[in-house]
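In: output the structure for:
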Amino acid sequence: MDLSTTYMGLKLRNPLVASSSPLSHKVDSIRQLEEAGIGAVVMYSLFEEQINLESQQLDYFLTHGTESYAEALSYFPDLGEYNVGPDEYLNLIRKAKQAVDVPIIGSLNGVSAGGWVKYARMIEEAGADALELNVYYLPTDPDLPGTEVERMTVDVVKAVRSEVSIPLAVKIGPFFSSIPNIAKRLAEAGANALVLFNRFYQPDIDLENLTVTPHLVLSDSDEMRLPLRWTAILYGRVPVDLAITTGVHTYQDVLKGLMAGARVTMMTSELLQNGIGRIGQILQEMQSWMEEYEYSSVQQMIGSVSQKNVAEPAAFERANYMKVLDSYPRLI
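Out: Numbers count the residues shown, from 1 in each chain. Model prediction:
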């Protein structure tokens, strides 16, 4: 049974990838992921803000004027304590590459094309096999048009691409007005893969202390439907590899992602909730299913239920929309 796949030209022993998470904070846990059977590991993210903090510019702009609102300072994390600094991050990549044989994918999180992008080259020099650029940005300015958000996203991809020769994946959110168009433009800007989608974590309000509080909720399989849909639409229409990274918990989720057109499916919440041992279980369950349905390789199923051969995907989606609404039992 051949579970191997390729992602951005990298040969992976299977399509299960550990996405960016606390599991990549230490070499020991990265080694455990490899021993459990993972196909590749995405390092946790090094943030643009962490890099810029070295010049203290970000700290000034975040805190300037907040002394008039005592609670305002609590809105922002202590970036000096977040994960580790840039130098330690590069050292961790070097150590991980020495410790394991599976591909190690560095991760940068940023939104502007500034001097911080030089760390993309440093990540490559540290030995990373590829780089994932996480563009996490939620527009809040009513005067900022969507076209400007798109331009900013494309510009940062171009800037990072100019720094590295290794494969580049771009992780985006689902809130663009035309995902196929931005996907095409990101490919033209130098992206080798798209990772669908970024989860935008929603803050909460503590009514007792009257403060804004972070509220992290791990994903479930239902959240996979959105990236599954767009993977099926984009497959074969944009010249990039596709990865699904939200809601992958079971072997069924992995198989659905492959059939929609993903070359890899990325997992974090399941491993945090139920342990690294889930990797081996999921791989075994995949093999059992493939044997039952007479698949000899992962390559046979990639894109098999995508919309690549649908002449009018938009019309197909309209028809499916009406069918879904009509599927609910009528009350009268």
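
In: for burial, what's the neighbour tally of Val217?
Out: 10 (other CB atoms under 10 Å). All C-beta spots, glycine's among them, are computed from the backbone N, C-alpha and C.

In: same check on Leu242?
Out: Counted with other CB under 10 Å, Leu242 comes out at 28.

In: so Val240 touches Leu186, yeah?
Out: Yes. Using CB atoms under 8 Å, Val240 is in contact with Leu186, at 7.5 Å.

In: neighbour count: the two, which is higher?
Out: More neighbours surround Leu186 than the other of Val240 and Leu186, with 26 against 21 (other CB under 10 Å).

In: I'd assumed Leu234 was in contact with that one.
Out: No. Under the criterion of CB under 8 Å, Leu186 is not in contact with Leu234, lying 11.0 Å apart.

In: shared neighbours, these two?
Out: Listed contacts common to Leu186 and Leu234 are Leu194; contacts here mean CB atoms under 8 Å, 6 or more residues apart in numbering.

In: intersection of neighbour lists for Val240 and Leu186?
Out: Joint contacts of Val240 and Leu186 (CB under 8 Å, 6+ apart) are Leu194.

In: any weak-confidence spans in the protein?
Out: Scanning the chain for pLDDT under 70 picks out 53-85, 309-311, 313-328, 330-332.

In: residues of the helix or strand hosting Asp155 that come out buried?
Out: Using DSSP states H and E, Asp155 falls within helix 146-161. Using 16 or more other CB atoms under 10 Å as the test for burial, helix 146-161 gives Val149, Glu150, Met152, Thr153, Val154, Val156, Val157, Lys158, Ala159, Val160, Arg161.

In: hmm, the second one is touching Arg185, no?
Out: The one in question is Glu150. Yes. Counting by CB under 8 Å, Glu150 touches Arg185, with 7.2 Å between them.

In: which one is Val111 nearest to, not counting chain neighbours?
Out: With CB to CB, 6 or more residues apart in numbering as the criterion, Val111 has its nearest non-adjacent residue at 4.3 Å, and that residue is Tyr137.

In: how about the one you found, what does it touch?
Out: Per CB under 8 Å, 6+ apart, neighbours of Tyr137: Val111, Val149, Met152, Thr153, Gly173.

In: quick one: the strands in this structure?
Out: Counting by DSSP state E, the chain has strands at residues 5-7, 10-12, 16-18, 40-42, 46-47, 104-109, 130-134, 168-172, 193-196, 204-206, 211-213, 241-244, 264-267.

In: could you export those strands as TSV, including distance to Ala96?
Out: Listed next are the strands of the chain as TSV, based on distance: least, CB to CB, whole Å:
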stretch	distance to Ala96
strand 5-7	18
strand 10-12	15
strand 16-18	12
strand 40-42	7
strand 46-47	14
strand 104-109	5
strand 130-134	13
strand 168-172	18
strand 193-196	20
strand 204-206	34
strand 211-213	33
strand 241-244	20
strand 264-267	17
